[in-house]
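Asks: only the shape, not the letters, is given here:
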């Protein structure tokens, strides 16, 4: 039976269409995917992301223990700052993509994908040297508040000065009377916050945001709009664009890999790959012919298969058919052309600069 | 017992298409239930006029932001008209699935196939049982 977040009844009360996602009963949409997507781009949207997991490392040496497991460098940031990073395997491929929060050198919290909760925790337990990780997934609910009106909405519900919380920074405070980690992070490309609270407080926090946000045009948003929003930003989705068989360099995520950091899992493989040259790359492209690229569609060049689409959609904001996929390095430059095979038809595509959606 | 979302004067298929008989031709579209399930339709792939179709054959697709849905021909025949307006305005399938959202017109090659289609009551029952 699918697991439920504390907000399950709230989604059903709003008329959400529910779907099984990674073993969780989640809202895929409430009204219209396009309306929810546009609410986030133009006003503010709420997402229940409580199904995601959290793993905590606490005690002396926590930072060093985590630094040996992830690709980014926690020693380079301050307390109250977070990093997007890869939890990599020995080949430099992804066990998962994560966000690591540095509360202090003795307390690191890692947010992991719902689909990888068990796998990630087992991996971390097996590979951690020093501090033992604790699975805190069941101790947190999480609500994402995303959109240009998100900061104003959250500020009206908290005494914490959110103007002092910059991008990828966080603070502990109270929102709508509920203790929360207020994190200026998100997966939509808009300004906003991810609020971590106790599961027992989730309903109160959700209702407060929904009520107070009416004046901002707040909308509850499901997994479908979450996916169209992140695709327009070319943010990777584990299982689609990244997995254990594609390295961080191939995925264009070299910026979250600090190769000058002392040993971490996957470092040697990536150093070698960087020296040898990356042979395939994850690119963003637009179709120049009619159709919509989708996960799994083959990519051809001169009639020969050369790659595959990993994500694609008709972007509701960009209003174009956009896709993400792996192609040979020589086809990765902006302006390169290839074909996407759609039900036997070769539809032309061109590599474009990403993100597809740029702030006006 | 009528349902405005299942017009009584149309025939239906289990794949949620409707068919309006006009002499030896049939106008085809997708039902209210189909468009509601799909959500916002953003793209339609249509066959060319002149295409020959067999009953049950796939003749195109309707796509939402998240999903691709195939369209199946309710009857055998030749495509004589295609609603090109849908290319520029696919959302018409959502707003007016039985009117301006018509998809194509087929010239029947076997009129006996019409009796195999569901009437409004039968289609309504199919939806209830789903």
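Replies: Sure, I can see it. The structure displayed is predicted, hence computed values, not measured ones.
Asks: which residue ranges form the helices in chain B?
Replies: In chain B, the helices defined using DSSP state H lie at B:32-38, B:85-88, B:92-95, B:120-129.
Asks: give the other helices and strands that the last one contacts.
Replies: With contacts taken as 3 or more CB pairs under 8 Å, 6 or more residues apart in numbering or on different chains; DSSP states H and E, helix B:120-129 sits against strand B:11-12. In short, each C-beta sits where N, CA and C put it, glycine included.
Asks: in terms of secondary structure, what does the strand it packs on contact?
Replies: strand B:17-22, helix B:120-129.
Asks: so what touches it?
Replies: Residues outside strand B:11-12 that contact it (CB atoms under 8 Å, 6 or more residues apart in numbering or on different chains) are B:6, B:18-21, B:31, B:74, B:114, B:117-120, B:122-123, B:126.
Asks: most tightly surrounded among the helices and strands packed on strand B:11-12?
Replies: strand B:17-22 (a mean of 19; mean count of other CB atoms under 10 Å in any protein chain shown).
Asks: contact partners of that strand?
Replies: Contacts for strand B:17-22 (CB under 8 Å, 6+ apart): B:7, B:9-13, B:26-31, B:34, B:71-72, B:74-75, B:97-98, B:102, B:105, B:114, B:117.
Asks: just to revisit the earlier point, got TSV for the helices of chain B, with distance to residue A:201 and mean pLDDT too?
Replies: Shown next, in TSV, are the helices of chain B (distance: least, CB to CB, whole Å; pLDDT from 0 to 100):
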stretch	distance to residue A:201	mean pLDDT
helix B:32-38	35	95
helix B:85-88	47	95
helix B:92-95	38	97
helix B:120-129	40	93
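Asks: out of the ones you listed, which is closest to residue A:185?
Replies: helix B:32-38 (32.3 Å; CB to CB).
Asks: specify the stretch among the helices and strands packed on strand B:11-12 that is closest to residue A:226.
Replies: Nearest of the helices and strands packed on strand B:11-12 to residue A:226, taken as CB to CB: helix B:120-129 at 29.4 Å.
Asks: and that closest one, how far out from the chain middle?
Replies: Here helix B:120-129 is found 16 Å from its chain centre; the criterion is CA atoms, centre = their mean, to the nearest Å.
Asks: where in chain B is pLDDT low?
Replies: B:1-2 (pLDDT under 70).
Asks: around chain A, pick out the residues from it.
Replies: Taking CB under 8 Å from any CB of the partner chain as the contact definition, chain B meets chain A at B:39, B:40, B:42, B:43, B:45, B:61, B:63, B:64, B:65, B:66, B:68, B:87.
Asks: let's go with 7 Å and repeat that
Replies: Where chain B comes near chain A, counting by CB under 7 Å from any CB of the partner chain, the residues are B:39, B:40, B:42, B:43, B:63, B:65, B:66, B:68.
Asks: what's opposite the last one in the beta bridge?
Replies: With DSSP bridges applied, residue B:68 shows beta-bridge pairing to residue B:63.
Asks: pick out the residue of the stretch 251-360 of chain A closest to chain B.
Replies: residue A:314 (4.1 Å; CB to the nearest CB).
Asks: measure that residue to residue A:85 for me?
Replies: 31 Å (CB to CB, to the nearest Å).
Asks: would you confirm that the residue of the stretch 251-360 of chain A closest to chain B contacts residue B:65?
Replies: Yes: using CB atoms under 7 Å, residue A:314 is in contact with residue B:65, at 6.0 Å.
Asks: identify the contacts common to these two.
Replies: Common contacts of residue A:314 and residue B:65 (CB atoms under 7 Å, 6 or more residues apart in numbering or on different chains): residue B:42.
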